[in-house]
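> Let me see the structure of the following:
(one chain, ligands or ions: 1)
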Amino acid sequence: MIELAGLTKHYGDKVAVDHLTFTVRPGIVTGFLGPNGAGKSTTMRMMLDLDSPTSGTVRIDGKHYRQLQDPLTSIGALLEAKSVHGGRSAANHLLCLAQSNGLPRGRVGEVLEMVGLSSVAKKRAKGFSLGMSQRLGIAAALLGDPQVLLFDEPVNGLDPEGIHWIRNLMKNLAAQGRTVFVSSHLMSEMALTADHLVVIGQGRLMADTSMKDFIHQNSRSYVRMRSPEQEKLRDALQGEGIRAVAVGDGSLEIDGVPVERLGELAAAHHLVLHELSPQHASLEEAFMRLTAGSVEYHAHDGDPVPAQAGLPPESPPPGEPQPAGWGADWQKKRS
Ligand SMILES: Nc1ncnc2c1ncn2[C@@H]1O[C@H](COP(=O)(O)OP(=O)(O)OP(=O)(O)O)[C@@H](O)[C@H]1O
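Next up, the predicted model:
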């Protein structure tokens, strides 16, 4: 497993990682999420001793990285897919890594096979697409058959087939009992892959939870109703003690009432409906709300504009329903 205790990194005045304490466990895929600039790569670099913490510690299976005897056999990582000597073939790149780490050369062919690059083993890496480079980086991570694997944004630039392949690979590695830690800034991608989530914003821990709980806490369900007789519909709902919130497009949103009951109620009042539909807020939306106060740059017309630090997540406009659950627990924990 990977254990972080108070891990902190300053670059001059900039606090990139701020007292992170969490544990990444074996046997599951743990997603590491945060907006751009949240500190994900810096944290992963410190796990690999490529950056020194300002304070705090990170341990791999109880040891500091420097105490690991043959590091590649304990921890493998894909950080920068393109950081490969372009003049070397895929096989030679892996062979150099194998030889300098005391690994058998036969392992090179095995990992090339595993990532589907056997047919281009002798091709120079500089001609590789981003997807092929990602596969080569994964082959390097797997070379020492390590129990702990780190992947930094592994699906970047991949086509749907490549994304599907990486997802299955990570799940299979976890099913073999390995510790799999994968960063992304896409909640939707993580929802399909990870069993557990660690979310950071501006270097600080915002959530450390199972995916099941995150979905449970953040999946807001409600019903949308639209009628040419909106006022009458609203009155009919109110008469039954049901609170409906009017939204911009002329529809009503109702929380916590089954769609069947709402349809029957409209029929009982002979009201015409143009829409009666159950809705689910996306996890992407929940993640964006959770991290809204910690986004480093917001898009503006023109240049990026630094966001204000420490703002609470955006609340719905007055009069609009408060989505049940989202972010509330994490915000409580943070305060
Ligand atoms: N070597 C460095 N010198 C100065 N600042 C740095 C350095 N490396 C990272 N930072 C800053 O630290 C913060 C965290 O960066 P980091 O790359 O770890 O974030 P990230 O979550 O991986 O972002 P992204 O999703 O965009 O890759 C950013 O504000 C970044 O500008």
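> the domain parsing of the protein - what is it?
Domains of the chain are assigned by automatic domain parsing as 2-216, 221-280, 282-334.
> Compare those and say which comes out lowest on pLDDT.
In terms of mean pLDDT, the lowest-scoring of these is domain 282-334 (a mean of 50).
> Now do the helices in the stretch 151-300 of the chain.
Per DSSP state H, counting those that start in this stretch, the stretch 151-300 of the chain carries helices over the ranges 160-175, 187-193, 211-218, 230-239, 259-268, 283-291.
> Would you reformat those as CSV and include mean neighbour count and distance to Arg124?
In short, each C-beta sits where N, CA and C put it, glycine included. Formatted as CSV, those follow (neighbours: other CB atoms under 10 Å; distance: least, CB to CB, whole Å):
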stretch, mean neighbour count, distance to Arg124
helix 160-175, 17, 20
helix 187-193, 19, 30
helix 211-218, 18, 40
helix 230-239, 15, 66
helix 259-268, 15, 59
helix 283-291, 20, 38
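> Arrange those helices in CSV, one row each, with distance to the ligand as further columns.
As requested, the helices of the stretch 151-300 of the chain are exported to CSV (distance: least, CB to the nearest ligand atom, whole Å):
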stretch, distance to the ligand
helix 160-175, 17
helix 187-193, 13
helix 211-218, 19
helix 230-239, 43
helix 259-268, 39
helix 283-291, 11
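> Pull the contacting residues for the residue lying closest to Ser227 once chain neighbours are set aside.
Computed as CB to CB, 6 or more residues apart in numbering, the closest residue to Ser227 that is not its neighbour in sequence is Leu233, at 4.5 Å. Neighbour list for Leu233: 225, 227, 244, 252, 266, 269, 271, 273 [criterion: CB atoms under 8 Å, 6 or more residues apart in numbering].
> what does Leu271 give?
Applying CB under 8 Å, 6+ apart, one finds that Leu271 lies in contact with 227, 229, 232-233, 236.
> Can you report how many residues neighbour the residue nearest to Pro104 when sequence neighbours are not counted?
Excluding the flanking residues, the one nearest Pro104 by CB to CB, 6+ apart is Ala98, at 7.1 Å. For Ala98, the neighbour count with other CB atoms under 10 Å is 20.
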